[in-house]
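Novice: Provided below are the primary sequence and the corresponding predicted coordinates.
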Amino acid sequence: MRITSANGTDLVGRNGDRPINLRGKPAEKPGETVMLSGQISWNPLEETQDGALVFDGALWPPDEIGLLRSLARCTVEKGVVTKIEGGADADTFRRWTESFDDPNMFRIAHWSLGFNPGVLAPTGRIVEDERVFGCVELGIGTEGAWIGGEPWVAAAHTDGSVLGPSICLDGVAIEENGRYVHPELVEICRELGVAGY
């Protein structure tokens, strides 16, 4: 899989036999806590994840950053963020991540696709922001067993979004500049009533 964006993201990873997890489901009993729908998540084989990751939508924690005012550019090598550069938001993110003095805080925990047709722009509320229709969201830090592979614990977990991405899977375009282009996905967008499809 390759993800690119106009703001400089160019990230690759090989999925192998890792599971794809649907995030958000109907509650099965009263009082059950569930996540907002409109996201799938997985984590490619860590040693295959390389390139540039540029957060340009939102970045958790909200008290520190929330909606991005400047880009946060991350260099990823074998599934680990090795450099964070950019403006004031990138500086804040780097200081926050480094403050834990935990190398696992720099490990990519998951890749996610947002496709909730009711979430069209970031708000600063990360549970919504990671479901912006057409976005890519990556988590860094603790990785749970649900994602596949060997889980690990970090001092915390953070999520950030890339807006308007282009995605190729096995060389086939599935999304271009934030718009799904694969015929099967275009049909699903039409069935959902997403404007412009």
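Specialist: Received it, and whenever you're ready, just let me know what you need. Numbers count the residues shown, from 1 in each chain.
Novice: Quick one: residues in contact with the longest strand along the chain.
Specialist: Taking DSSP state E as the criterion, the chain has its longest strand at strand 152-162. Strand 152-162 is contacted from outside by 3, 5, 7, 9, 53-61, 72, 93, 96-97, 100-102, 104-105, 107, 109, 114, 122, 126, 129-130, 132, 135-143, using Cβ atoms under 8 Å, 6 or more residues apart in numbering. No exception for glycine: its C-beta is placed from N, CA and C like everyone else's.
Novice: same check, this time on stretch 67-82
Specialist: The set of residues that contact stretch 67-82 without belonging to it, under Cβ under 8 Å, 6+ apart, is 7-8, 11, 13, 45-59, 83-90, 93, 97, 106-108, 122-124, 140, 160.
Novice: next one: that stretch to chain centre, how far?
Specialist: From the chain centre to the centre of stretch 67-82 is a distance of 11 Å (Cα atoms, centre = their mean, to the nearest Å).
Novice: Can you give me the buried ones in that stretch?
Specialist: Of the residues in stretch 67-82, those with enough neighbours to count as buried (16 or more other Cβ atoms under 10 Å) are Leu68, Leu71, Ala72, Arg73, Cys74, Val76, Gly79, Val80, Val81.
Novice: Need the residues that contact stretch 55-62.
Specialist: 5, 7, 65-68, 71-72, 74, 89, 93, 96, 122-126, 129-130, 132, 135, 158-163.
Novice: Please write out the alpha-carbon positions of stretch 182-193 in PDB.
Specialist: As requested, C-alpha coordinates have been extracted for stretch 182-193 and formatted as PDB (Å, rounded to 0.1, in the frame of the first residue of the first chain):
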ATOM      1  CA  HIS A 182     -12.200   2.500  -7.400                       C
ATOM      2  CA  PRO A 183     -15.500   1.500  -9.000                       C
ATOM      3  CA  GLU A 184     -16.700  -0.700  -6.100                       C
ATOM      4  CA  LEU A 185     -16.000   2.100  -3.600                       C
ATOM      5  CA  VAL A 186     -17.600   4.700  -5.900                       C
ATOM      6  CA  GLU A 187     -20.800   2.600  -5.900                       C
ATOM      7  CA  ILE A 188     -20.700   2.300  -2.100                       C
ATOM      8  CA  CYS A 189     -20.300   6.100  -1.900                       C
ATOM      9  CA  ARG A 190     -23.400   6.500  -4.100                       C
ATOM     10  CA  GLU A 191     -25.400   4.000  -1.900                       C
ATOM     11  CA  LEU A 192     -24.400   6.100   1.100                       C
ATOM     12  CA  GLY A 193     -25.600   9.200  -0.600                       C
END
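Novice: quick one: average pLDDT of that stretch?
Specialist: Predicted confidence along stretch 182-193 averages 94 (mean pLDDT).
Novice: Cool, thanks, talk later.
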